[in-house]
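Need a 3D model of the following:
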Amino acid sequence: MRRFKKVVLLLTSLAFVISLHINTSQATEHLEVLTENWPPFNYELDGELTGFGTEVIQATLDEADIAYAIRSGIWKGVYNRALSQKDILIYTIARIKQREHLFEWIGPIAARKQYFYKLKSRTDIHVNSLEDAKKYRIGTQDSDAIAQNLIAWGFDPASDNLQLFQKRVLAYRTLFAGRVDLITGQELVVKYQLELENLPYDAVEPIYEIDVEGAYYMAFKKGSTPKLVNKVRTAFERIKSSGKLERIVAKYK
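Modelled structure (predicted):
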């Protein structure tokens, strides 16, 4: 039987939470894994990283018998680091056209849906198309997949039309402060994030489903060691076929 030791360390100077999971059996790889605070997929609870995506990653790497350290940080920094160095695993990352050639994709972990949200009190806002949305101030997270989508569709981060924030929650707070008209988000994520911020979920509503492609994955930078990529991919397929992935999904429904 494999034995594991887990150490959790908060490094405030680096703005990273590290959840170090050491496999003390025969593992030789020591993998760096990166994510962001994005409940319920990945988030910190009582000093430990958890969430649906995190549980999938842990199950996959335990199955692969790979020792790993998970670090959570601001998405733009996490994303840029994963692009700058091979053999780093990133999750939960949307597989979109702009990123397709940049990564080796493993998954999917979950489906991807995105909406424009507004405050229910803003009865003056009406969105029936992307062109309609360009009339309003939209807040979203810098370097996020939906931000990349919107920029590709002609939304302009150089104007008030598209305001980019380092953290998704800052866009949510700005919505409640009346400094943006719309935010983007996935229903479950918006609900979890607002609850964690003590902001009323029943004060917002989705008003337009954004037609987005892809799903959420884990990924390595293109050109990473094929043996490592294949080992992780094979382990993911094993937890999927064994029913373990489905059991993790059921916990978050």
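
Verify the contact between Leu196 and Pro39 for me.
Yes. The criterion here is Cβ atoms under 8 Å, and Leu196 meets it with Pro39 at 6.1 Å. Placement of C-beta: from N, CA and C, glycine included.

Compare those two (neighbour count), which wins?
Pro39 (20 against 14; other Cβ atoms under 10 Å).

Find the nearest non-adjacent residue to that one, please.
Tyr192 (4.1 Å; Cβ to Cβ, 6 or more residues apart in numbering).

Then Leu228?
Asp87 (5.9 Å).

partner strands of the helix or strand hosting Ala219, parallel or antiparallel?
Per DSSP states H and E: Ala219 is located in strand 215-221. With DSSP bridges as the test, strand 215-221 is paired with strand 88-94 (antiparallel), strand 103-111 (antiparallel).

What average pLDDT does it get?
The average pLDDT for strand 215-221 rounds to 97.

Can you dump the C-alpha atoms of that strand in PDB for me?
In PDB, the C-alpha atoms belonging to strand 215-221 read as follows (Å, rounded to 0.1, in the frame of the first residue of the first chain):
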ATOM      1  CA  ALA A 215     -14.100  22.600 -21.600                       C
ATOM      2  CA  TYR A 216     -11.900  22.700 -18.500                       C
ATOM      3  CA  TYR A 217      -8.700  20.600 -18.500                       C
ATOM      4  CA  MET A 218      -5.300  20.100 -16.900                       C
ATOM      5  CA  ALA A 219      -2.400  20.900 -19.200                       C
ATOM      6  CA  PHE A 220       1.300  20.900 -19.800                       C
ATOM      7  CA  LYS A 221       3.200  23.400 -21.900                       C
END
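
so Ala111 bridges to which residues?
Going by DSSP bridges, Ala111 forms beta bridges with Ala215.

how far away is it from Tyr216?
8 Å (Cβ to Cβ, to the nearest Å).

and these two? which has more neighbours close in?
A side-by-side neighbour count of Ala111 and Tyr216, using other Cβ under 10 Å, places Tyr216 first with 22 against 9.

if I read this right, that one contacts Gly107, doesn't it?
Yes. Under the criterion of Cβ under 8 Å, Tyr216 makes contact with Gly107 at 6.9 Å.

Between these two, which contacts overlap?
Residues within reach of Tyr216 and of Gly107 at once, by Cβ atoms under 8 Å, 6 or more residues apart in numbering, are Arg95.
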